[in-house]
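Asker: show me the folded form of this:
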Amino acid sequence: MANYIAALPPDWPGGFWVHFGVFTVILLVFVLVMALVIIYLERRGIGRFQSRLGPNRTGPFGLLQPIADAIKALTKESITPAKGDKWVYWLAPVIAFVPALMIFAVIPFQDGALLADLNIGILYVVAISSVSIVGIFMAGWGSSNKYSLLGAMRSIALVVSYEIPLGLAIIGVVLLAGSLSMNEIVTSQSIPFILLQPLGFLIFFLAASAEINRSPFDLLEAESEIVAGYHIEYSGMKFALFYLAEYCEALAICAIITTLFLGGWRGPVLPPILWFLIKVVLVFFVFVWVRSTVPRLRVDQIMDFAWKCLLPLALINLFITGLQVVVWPEGLPWMVVFLNLAIMAVLILLWSKLFKLGGGRVEV
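Answerer: Prediction:
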């Protein structure tokens with residue numbers, strides 16, 4: 001706390017608590033507004049991918065459609081299962097939603113423009129993002145519905161499985177940056193880490209897609225799966241909180257990818273915060289692109305992909321990164337970019353030949 005207060009500029013009015021309050025309000029407004037923006041962009045984008053218009057009736061170009069959806073959710077009847085655990089049932093959406101907001105406390109929008117520049121920033125992100133698993137389990141348990149509980153356990157198994165390769169991909173970035181601070185990770189990227197860590201970026205992107213229930217890992221929306229998953233008994237504003245949490249998590253992942261691999265706010269000519277927002281939107285567009293084009297996987301294929309493909313590739317990537325850091329302790333040269341791209345291509349080709357995900361029809 002003392003170090004944080006000492007880092008504030010001497011002319012900052014009000015000291016620590018005013019700084020904390022102002023940045024908290026800014027973060028809340030930013031996250032909620034951006035969540036509405038990316039919901040609109042996804043619906044319009046998927047409409048174009050599917051040769052249709054998408055939302056275009058509510059407001060000019062359909063811009064007010066997310067607000068109309070929010071009003072509809074607020075006015076819907078909120079139903080609580082008669083035999084459910086009331087406190088657990090009510091708290092689950094909040095516990096699923098709040099961690100997505102807390103992640104943004106350590107995301108640097110430009111140099112020094114963040115709520116708290118923790119020296120363990122990325123460790124904080126990993127720890128806080130794991131709390132949402134508790135909300136998923138609470139929703140399944142508190143609903144007093146066997147299908148909801150089974151859906152929750154399936155989602156928890158998926159998240160826990162993909163946490164491991166995701167964490168290993170992050171360690172590769174930490175080795176290159178030499179710091180756990182999100183701000184220092186950005187400042188250390190004279191060469192964007194997506195070029196020095198192409199395999200690590202791919203692993204992180206796929207594991208993060210599974211963590212936030214994005215296609216092709218979105219088991220909850222699969223017509224062949226167990227009803228609607230852990231939130232089958234939720235309606236009204238409580239369901240809207242789960243829906244909003246999913247997009248806030250997607251926004252957080254886009255911001256983390258921008259920070260870890262794309263150089264954060266760094267870029268020529270334009271203001272730093274504008275570069276940050278452009279990169280976040282571009283990463284989200286890739287998520288939308290994948291959702292629109294890649295078919296959904298079965299649950300057994302998803303688990304095989306985590307343990308047989310991503311985990312060993314993440315371990316190999318970590319070993320190669322550690323070796324390169326030892327060979328070039330002062331920083332990796334540009335020639336390593338082409339070397340790592342070649343290694344990624346060879347490993348992906350090799351793994352595609354050695355390991356096959358379960359295909360065909362599965363009888364249960």
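Asker: wait, what's in contact with Trp63?
Answerer: Careful, residue 63 is Leu and not Trp. Residues in contact with Leu63 (CB atoms under 8 Å, 6 or more residues apart in numbering) are Tyr40. All C-beta spots, glycine's among them, are computed from the backbone N, C-alpha and C.
Asker: from Pro55, how far off is it?
Answerer: Counting by CB to CB, to the nearest Å, the separation of Leu63 from Pro55 is 9 Å.
Asker: shared neighbours of these two, which are they?
Answerer: Taking CB under 8 Å, 6+ apart as the contact rule, Leu63 and Pro55 both touch Tyr40.
Asker: just the buried positions in the longest helix seen in the chain, please.
Answerer: Longest helix in the chain, counting residues (DSSP state H): helix 15-49. Judged by neighbour count (16 or more other CB atoms under 10 Å), helix 15-49 contains these buried residues: 19, 23, 27, 31-32, 34-45, 47.
Asker: and the angle for the helix or strand following it with helix 15-49?
Answerer: Per DSSP states H and E, the first helix or strand lying C-terminal to helix 15-49 is helix 65-75. Here helix 65-75 runs at an angle of 110 degrees relative to helix 15-49 (axes from the mean of the first three to the mean of the last three CA atoms, to 10 degrees).
Asker: quick check: what element follows helix 65-75 along the chain?
Answerer: Following helix 65-75 toward the C-terminus (DSSP H and E): helix 86-102.
Asker: neighbouring contacts of whatever helix or strand comes next after that following helix?
Answerer: Going down the chain from helix 86-102, the next helix or strand is helix 121-130, by DSSP H and E. With CB under 8 Å, 6+ apart as the test, helix 121-130 has contacts from 99-100, 102-103, 105-106, 118, 163, 167, 170, 173-174, 180-183, 185, 211, 249, 252, 256, 260.
Asker: returning to that earlier point: helices and strands around the longest helix of the chain, which ones?
Answerer: For helix 15-49, the elements it packs on are helix 2-7, helix 65-75, helix 86-102, helix 236-261, helix 272-293, judged by 3 or more CB pairs under 8 Å, 6 or more residues apart in numbering; DSSP states H and E.
Asker: got a list of what the closest residue to Ala35 other than its chain neighbours touches?
Answerer: Leaving aside its sequence neighbours, Ala35 sits nearest to Tyr247 (CB to CB, 6 or more residues apart in numbering; 4.7 Å). Taking CB under 8 Å, 6+ apart, we find Tyr247 in contact with 35, 38-39.
Asker: tell me if I'm right that Arg296 and Asn213 touch.
Answerer: No - using CB atoms under 8 Å, Arg296 is not in contact with Asn213; the gap is 11.3 Å.
Asker: so what sits against both of these two?
Answerer: Common contact partners of Arg296 and Asn213 (CB under 8 Å, 6+ apart): none.
Asker: residues contacting Phe109?
Answerer: Contacts for Phe109 (CB under 8 Å, 6+ apart) come out as 265, 272-273, 276.
Asker: buried subset of those residues as a ChimeraX selection?
Answerer: What follows is the ChimeraX syntax for the buried subset of those, where burial is set by 16+ other CB under 10 Å:
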select :265,272,276
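Asker: which residue is nearest the middle of the chain?
Answerer: Taking CA atoms, centre = their mean as the criterion, Ile253 is the residue nearest the geometric centre of the chain, at 2.7 Å.
Asker: which one is that one nearest to, not counting chain neighbours?
Answerer: The shortest distance from Ile253 to any non-neighbouring residue, by CB to CB, 6+ apart, is to Ala208 (4.6 Å).
Asker: pretty sure the one you found contacts Ala252?
Answerer: No - with contact defined as CB under 8 Å, Ala208 does not reach Ala252; the gap is 9.4 Å.
Asker: just to revisit the earlier point, gap between the residue nearest to Ala35 and Met303?
Answerer: Taken as CB to CB, the span from Tyr247 to Met303 is 25 Å.
Asker: quick revisit: which ones are touching the residue nearest to the centre of the chain?
Answerer: Contact analysis of Ile253 by CB under 8 Å, 6+ apart lists 208, 211-212, 283.
Asker: closest one of the residues you listed to Asn317?
Answerer: Nearest to Asn317 out of the contacts of Ile253 is Ala208 (CB to CB; 15.4 Å).
Asker: what's the helix or strand for that closest one?
Answerer: Assigned by DSSP H and E, Ala208 falls in helix 198-211.
Asker: that helix packs against which elements?
Answerer: On a contact count with 3+ CB pairs under 8 Å, 6+ apart, helix 198-211 meets helix 146-177, helix 193-196, helix 236-261, helix 272-293, helix 311-327, helix 335-354.
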